[in-house]
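**Q** what's the 3D shape of this:
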Amino acid sequence: MQSFPAPSVAAAPTHLRRRALAALVLAAALATAGLLLGHTSSSSGPPHYAGTIGGVPLQQARCAQWSAGTAAERRNTLDALARIVGGPTPYGPATRLTNAEATALFDRACASPIARGFLLYEIYIRAAGYRSYLP
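**A** The predicted structure follows:
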């Protein structure tokens with residue numbers, strides 16, 4: 001059995017090539033606009049946190065930023081972690097720490113100079129995993 005060779009784009013008539021190029025440019029422009037505008041659907045996934053702590057986004061925030069962060073930045077970070085980590089799962093709500101527990105955790109964990117590079121969300125996730133075992 002012999003297959004047919006794929007038609008070449010160059011062999012298409014000029015008006016079809018122009019339409020294909022226009023469609024490609026339009027798709028790229030729409031995708032870029034969506035990324036630049038930060039479009040997020042409210043019905044899918046956890047709420048988006050656009051804030052920073054110590055000038056760094058939450059996904060990259062470390063103990064150094066916790067120590068340098070303002071009270072408002074710390075509070076916003078704790079609220080975002082509680083929503084994202086403790087959000088809904090297919091099995092029910094995930095465990096989360098109270099703001100007081102998380103503040104005490106970060107204050108203890110980030111007190112050592114060795115911990116300056118520890119990621120805040122990693123510390124939070126590990127502690128929240130043991131939350132269900134607390135009395």
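
**Q** now residue 97, nearest residue through space, not along the chain?
**A** In space, and not counting its chain neighbours, residue 97 is closest to residue 128: 5.5 Å by CB to CB, 6 or more residues apart in numbering. All C-beta spots, glycine's among them, are computed from the backbone N, C-alpha and C.

**Q** how close does the one you found get to residue 118?
**A** When distances are taken as CB to CB, to the nearest Å, residue 128 and residue 118 turn out to be 15 Å apart.

**Q** number of residues surrounding the residue nearest to residue 97?
**A** If you count neighbours by other CB atoms under 10 Å, residue 128 ends up with 20.

**Q** show me the protein divided up by domain.
**A** 6-39, 52-133 (automatic domain parsing).

**Q** could you tell me the least trusted of those?
**A** Among these, domain 6-39 carries the lowest mean pLDDT, a mean of 51.

**Q** hang on, residue 118 packs against residue 65?
**A** No: using CB atoms under 8 Å as the test, residue 118 is too far from residue 65 to be in contact (10.7 Å).

**Q** who's more crowded, the two?
**A** For residue 118 and residue 65, the more surrounded residue by other CB under 10 Å is residue 65, and the numbers stand at 23 against 16.

**Q** surely that one is within a strand?
**A** No: under DSSP: H, G, I helix; E, B strand; the rest coil, residue 65 falls outside any strand and is assigned helix.

**Q** distance of the residue nearest to it when sequence neighbours are not counted from residue 93?
**A** The spatially closest residue to residue 65, leaving aside those adjacent along the chain, is residue 54, at 3.2 Å (CB to CB, 6+ apart). Summarising the geometry, the distance separating residue 54 from residue 93, computed by CB to CB, is 29 Å.
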